[in-house]
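Engineer: sharing a model prediction with you, sequence too.
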There are 2 protein chains.
Amino acid sequence: MIKNFKLIIEYDGSLFHGWQRQKKDRTVQETIENTISVMTKQPVNLIGSGRTDAGVHALGQVANFQSNTKITPEIFKKGLNSLLPDDIVIISCEQADLSFHARFAVKSKCYRYRLLNRLTPPAIARQYAWFIRKKLDIESMQYAALALIGTNDFKSFEGAGSPRRTSIRTLLKTEIIKKDKGLVDCEFTADGFLRYMVRNITGTLVDVGLGKITPKQVQKILESKNRDIAGITAPSHGLFLVKVNY
Amino acid sequence: MIKNFKLIIEYDGSLFHGWQRQKKDRTVQETIENTISVMTKQPVNLIGSGRTDAGVHALGQVANFQSNTKITPEIFKKGLNSLLPDDIVIISCEQADLSFHARFAVKSKCYRYRLLNRLTPPAIARQYAWFIRKKLDIESMQYAALALIGTNDFKSFEGAGSPRRTSIRTLLKTEIIKKDKGLVDCEFTADGFLRYMVRNITGTLVDVGLGKITPKQVQKILESKNRDIAGITAPSHGLFLVKVNY
């Protein structure tokens, strides 16, 4: 009997060429698929909620796979965690309706981009934040981020070369949160994200924080639908897929 | 003219065989000494506040070196940070009195041991905390830690094979702090620490947290001056040298 398994997955993206299986490079999807196959002795197709790019981390990526195995969800969780490399952890494994599809069923996703704003670069946890030396004006960044909320054409913040029907997305929530010791978390919840969208928005918000552009200009960048006038793409290692909502 | 430079140093201990220079292995002291010598074109002796063991991290290690260089502290900081590998950062460099000696002048040090107490092991930041699956009773750990405060013979918590005149130390402060998402920080401030002392105390406190021993037994372990009855040595990767006070 075919069963459908839903996984919640944490991974450290540092040593992966992203989520999606590729011919040569090490990817999260391929690593987990191979490990499931070791347990089930069958080929398997693991469906992620979406791709993450090379170097991007996940605290709560979601994926599903179907199998006629007799292995229980609990044994999958234990077995996968003992067989997988240290940089992937299965947070939970449960049986889902056969109709559950980790990509098509997504209602919204939450991403976090972590900045470290202090005078010297970090040695500890340097693989998990983008270091910004000059002092950021967090209030201006918060104000600018609000201008992006709503159903908008995010073409100005889209990376080139990704197939999609439309560049309109609904950004439900943004928060720029100042934490201890120079950490600044930029959180974004949307019904979906374009390629590099969070990293391009973050690069632009950092320009606001540095006083290079005003919060009002962010609104204009959005309206221009022109990638060339937005800020740089923030590096991948500050980005975390936090949660996928169904 | 001879000048004395004081450095505050952050390092990620993951890929170092500790602080102290060795014949073959990569160490923090040797790496910084070599880099200073690249700048001054002279051999140099870098004096640390004390050793840290292989795998142990530092947020605020302190060291000093003397040199007749014309290089200013500011240029040292910039130059060293551009030449050093990513896992060492010079947080500050300043000129100190010629009499300042980073080891002999220590008044106290603060170490932090970080635990991660949750159901599944971490993929993110797994190199910076000791993962404990079973639920820890933090209040019992706090109570047990208090019993260690004061001037005591910490022989029960001392690793073998380290030269020292006495195993009496003054533990000034302990705090067991429950943080977000399963993180538990165990902080210890003392006038000095024996080899493995923080890791042995932490291993014992974790036994308390797991209900294997009572808080009262920690007092007895201390009084026994017998290493064999204390808990295991917590792994190095959860330990941080936070601050050195002069």
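Structural biologist: Structure's in. What do you need?

Engineer: and the strands in chain A?
Structural biologist: A:3-11, A:47-48, A:57-67, A:88-96, A:108-117, A:130-132, A:150-153, A:168-178, A:183-190, A:239-245 (DSSP state E).

Engineer: same list, the ones you listed, but as CSV with mean pLDDT, mean neighbour count and distance to residue B:145 please.
Structural biologist: No exception for glycine: its C-beta is placed from N, CA and C like everyone else's. Listed next are these as CSV, based on pLDDT from 0 to 100; neighbours: other Cβ atoms under 10 Å in any protein chain shown; distance: least, Cβ to Cβ, whole Å:
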stretch, mean pLDDT, mean neighbour count, distance to residue B:145
strand A:3-11, 98, 22, 30
strand A:47-48, 98, 20, 44
strand A:57-67, 98, 23, 30
strand A:88-96, 98, 19, 30
strand A:108-117, 98, 22, 31
strand A:130-132, 98, 19, 34
strand A:150-153, 97, 14, 51
strand A:168-178, 97, 17, 31
strand A:183-190, 98, 21, 27
strand A:239-245, 98, 22, 33
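
Engineer: closest one to residue B:41 among those strands?
Structural biologist: Smallest distance to residue B:41 across the strands of chain A (Cβ to Cβ): 29.9 Å, for strand A:130-132.

Engineer: distance of residue A:31 from chain B?
Structural biologist: Noted for residue A:31: a distance of 12 Å to chain B, by Cβ to the nearest Cβ, to the nearest Å.

Engineer: not counting sequence-adjacent ones, nearest residue to that residue?
Structural biologist: The shortest distance from residue A:31 to any non-neighbouring residue, by Cβ to Cβ, 6 or more residues apart in numbering or on different chains, is to residue A:88 (6.2 Å).

Engineer: contacts only, for that neighbour.
Structural biologist: By Cβ atoms under 8 Å, 6 or more residues apart in numbering or on different chains, the contact set of residue A:88 is A:9-12, A:28, A:31-32, B:123.

Engineer: ok, so of these, who is nearest residue A:231?
Structural biologist: With Cβ to Cβ as the yardstick, the closest approach to residue A:231 among those comes from residue A:12, at 26.2 Å.

Engineer: list phi and psi for the closest one.
Structural biologist: When read as degrees, to the nearest 10, the backbone of residue A:12 gives phi -90, psi 110.

Engineer: just give me the neighbour total for it.
Structural biologist: Look at residue A:12: counted by other Cβ atoms under 10 Å in any protein chain shown, it has 24 neighbours.

Engineer: same question for residue A:218.
Structural biologist: By other Cβ under 10 Å, 27 other residues sit near residue A:218.

Engineer: now what about stretch A:93-109, what contacts it?
Structural biologist: A:2-8, A:47-50, A:62-64, A:66, A:73-74, A:76-77, A:80, A:172, A:189-193, A:241, A:243-246.

Engineer: quick revisit: quick one, which of the strands of chain A is nearest to residue A:38?
Structural biologist: strand A:57-67 (12.7 Å).

Engineer: just the CA atoms of that closest one, as PDB, please.
Structural biologist: Output of strand A:57-67 as PDB, limited to C-alpha atoms (Å, rounded to 0.1, in the frame of the first residue of the first chain):
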ATOM      1  CA  HIS A  57      20.200  27.200   5.200                       C
ATOM      2  CA  ALA A  58      16.800  25.800   6.400                       C
ATOM      3  CA  LEU A  59      15.300  25.400   9.800                       C
ATOM      4  CA  GLY A  60      12.000  24.100   8.600                       C
ATOM      5  CA  GLN A  61      12.200  22.900   4.900                       C
ATOM      6  CA  VAL A  62       9.200  20.600   4.200                       C
ATOM      7  CA  ALA A  63       9.300  17.700   1.700                       C
ATOM      8  CA  ASN A  64       7.200  14.600   1.000                       C
ATOM      9  CA  PHE A  65       7.800  11.200  -0.600                       C
ATOM     10  CA  GLN A  66       5.600   8.200  -1.400                       C
ATOM     11  CA  SER A  67       6.600   4.700  -0.700                       C
END
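
Engineer: quick check: residue A:33 touching residue A:21?
Structural biologist: Yes: using Cβ atoms under 8 Å, residue A:33 is in contact with residue A:21, at 7.2 Å.

Engineer: what sits closest to residue A:236 if chain neighbours are left out?
Structural biologist: residue A:55 (3.3 Å).
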